[in-house]
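Trainee: sequence isn't available, so here's the structure alone:
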């Protein structure tokens, strides 16, 4: 009999704690530099602010030590750094709004939403012990997602802002249901595709060297395409429409590894967008503002004009390579500088260098999510982690692309940076799910011992506790994690 030691994997919580110190230092330094840049003094409440932010980060770190000790050590610090920089920028915009006697108080509310978001992320980690549990609720997630998407259309609670019917207001609380729908959709798509991926991967006709799927298998992508176009037309929400369809196509590609699905998805969306741009004025206005932003008539149009875009571009240009410095720019001249156009605000005061550093943080967050997808053993976890990482990357690309006039503006918000409770809560839940899946992906295989059966004289693997305890290994297969034998003797 020989006991085989598992592959040694460091939990990484010490690394995470060190990176958290750096992330918190960046967040608090940004907050302090805003005060120094505006009136030459550090904000009076900087100690309380630092204590509150540190308490939230350390509390979530302790939850990870307790419930997910092998979770990726980089994800949490990156999220904290982005959230902290966003809070500092929103605080700076608040000061500018107050100087112009405009409505302010966004930073205080965003700090409250940060606390709520971190608490909810901790609850996800505590209550969800195994991410595979979510697969049982595949079609429940579909119903929840569709309900959230159509909720803004319900009379009495749906609210239209700047022409987009994407808000729900109950009492004094407003929210964007689509922010939570993207999580439910990722769960549904992962559960559906892990079951049907073999069928969807079957080869069909070959056209111009590209192996297309069978025509009979086009149903799911056509249905999702139709739903995304309905969102675009009925709710006038280009961002949610693009995110919904893009998420499905990306996860479909991850599941089947067929490039033809990406080509079909791009052709469908581009075709649908062009038809919608000519048939529906509100969609056409988005393209007009993108293609002809400096036209005076389009610049002055409200809503749907290009004034916000042009002011954002001038703000980015004013920032140059290194920025004007915290508190030295004029982000208040751009409408919705604290939310839709916070990227332009940051680009003005931190410059191209600071903006690239933030984009690098998003790249790291996406890379760790994809690394988790590669490392986890079950197919559902691979698709869910890959889909959630894609949501963060795609949303960032769409927002930055819109602000820099690479693509039309969509109305999506920058994850963690932009003001908005719905977006912040949803993105922290995404972080919690990625941490939960990464814990499974990085967790070492169980200790295994090899025994010789007297009947046939062949080694049989059975799970054993680290102290040498016995027990028969459970069956493996499907989406169950597999045990690994490091050696036999």
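Mentor: In hand now; what should we look at? Remember, it's a predicted structure, so these values are computed and weren't measured experimentally. Numbers count the residues shown, from 1 in each chain.
Trainee: ok, now which ones touch residue 59?
Mentor: By Cβ atoms under 8 Å, 6 or more residues apart in numbering, the residues touching residue 59 are 118, 122. C-beta coordinates here come from the backbone N, C-alpha and C atoms, glycine included.
Trainee: one more: residue 250?
Mentor: For residue 250, the contacting residues are 386-387, 390, 394, by Cβ under 8 Å, 6+ apart.
Trainee: tell me the average confidence for the helix or strand that contains it?
Mentor: If you go by DSSP states H and E, residue 250 is part of helix 238-256. Helix 238-256 carries an average pLDDT of 91.
Trainee: and stretch 150-158, by the same measure?
Mentor: Across stretch 150-158, pLDDT averages out at 85.
Trainee: can you list the buried residues in that stretch?
Mentor: 150-152, 158 (16 or more other Cβ atoms under 10 Å).
Trainee: show residues contacting stretch 321-338.
Mentor: 30, 33-38, 88-90, 92-97, 99-100, 102, 106, 307-308, 311-312, 315, 318-319, 341, 344-345, 347-354, 418-419.
Trainee: redo that, cut-off 7 Å
Mentor: Applying Cβ atoms under 7 Å, 6 or more residues apart in numbering, the external contacts of stretch 321-338 come out as 30, 33-34, 37-38, 90, 92-93, 96-97, 100, 106, 308, 311-312, 315, 318-319, 341, 344-345, 348-354, 419.
Trainee: start and end of it, how far apart?
Mentor: End-to-end distance for stretch 321-338, by Cα to Cα, to the nearest Å: 22 Å.
Trainee: mind listing what the closest residue to residue 385 other than its chain neighbours touches?
Mentor: Counting by Cβ to Cβ, 6 or more residues apart in numbering, residue 373 is the residue found nearest to residue 385 once chain neighbours are left out, at 3.9 Å. Residues in contact with residue 373 (Cβ under 7 Å, 6+ apart) are 382, 385-386, 389.
Trainee: next one: residue 366
Mentor: 389, 392-393.
Trainee: repeat that for residue 418.
Mentor: Residues in contact with residue 418 (Cβ under 7 Å, 6+ apart) are 86, 339, 342.
Trainee: repeat that for 10 Å
Mentor: Contact analysis of residue 418 by Cβ atoms under 10 Å, 6 or more residues apart in numbering lists 86, 89-90, 110, 336, 338-343, 345, 399, 412, 424, 427.
Trainee: what's the longest strand seen in the chain packed up against?
Mentor: Identified as the longest strand of the chain according to DSSP state E is strand 164-170. Counting contacts by 3 or more Cβ pairs under 10 Å, 6 or more residues apart in numbering; DSSP states H and E, strand 164-170 packs against strand 158-161, strand 173-175, helix 177-200, helix 219-234, helix 238-256, helix 421-442.
Trainee: got the angle for that strand vs helix 421-442?
Mentor: 90 degrees (axes from the mean of the first three to the mean of the last three Cα atoms, to 10 degrees).
Trainee: strand 164-170: partners in the sheet, and parallel or antiparallel?
Mentor: Strand 164-170 pairs in its sheet with strand 158-161 (antiparallel), strand 173-175 (antiparallel), by DSSP bridges.
Trainee: the helices in the stretch 251-400 of the chain, which residues?
Mentor: Assigned by DSSP state H, counting those that start in this stretch, the helices in the stretch 251-400 of the chain fall at 259-279, 281-291, 296-300, 307-319, 342-375, 379-403.
Trainee: the inter-axis angle of the last one versus helix 421-442?
Mentor: The directions of helix 379-403 and helix 421-442 differ by 140 degrees, with the same axes, to 10 degrees as the criterion.
Trainee: confirm for me that residue 165 is in contact with residue 236.
Mentor: Yes. If you go by Cβ atoms under 10 Å, residue 165 and residue 236 touch, sitting 6.0 Å apart.
Trainee: comparing the two, which residue is more hemmed in?
Mentor: Neighbours were counted for residue 165 and for residue 236 using other Cβ atoms under 10 Å; residue 236 has more, 22 against 16.
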